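[1] missing the sequence, but the structure's below:
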């Protein structure tokens, strides 16, 4: 859901191991959300980790050709977040 970062942060703080959300200051397009979700779930079904599936979903969205319905796919991809954040390398 749009602007779901605050709720995602609460779920992560309560111990939910992986929470996907949308940045608090962002509204995501329906087409972008559908494309992201399609690739995220496909990657999960194929046995990828949640983090890898998230990265595949955002990469697929960012790599989509711009269209009249989605002018800036890379900007749409940047709106999604995965919590908790990974530990520093």
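    Cool, got the structure. Bear in mind the structure is a predicted one, so any value in this text is a computation, not a measurement.

[2] can you pull out the strands in the protein?
    19-22, 80-83 (DSSP state E).

[3] out of those, which gets nearest to residue 28?
    strand 19-22 (5.1 Å; CB to CB). (Each C-beta comes from the backbone N, C-alpha and C, glycine too.)

[4] average pLDDT across that closest one?
    Strand 19-22 shows a mean pLDDT of 97 in the predicted model.

[5] partners of it in the sheet?
    Strand pairing for strand 19-22, determined by DSSP bridges: strand 80-83 (antiparallel).

[6] now the partner strand: how far from the chain's centre is it?
    6 Å (CA atoms, centre = their mean, to the nearest Å).

[7] and the helices in this protein?
    If DSSP state H is used as the criterion, the helices of the chain fall at 5-13, 30-45, 50-62, 73-77.

[8] helices or strands up against the last one?
    Right, the one you point to is helix 73-77. helix 30-45, helix 50-62 (3 or more CB pairs under 8 Å, 6 or more residues apart in numbering; DSSP states H and E).
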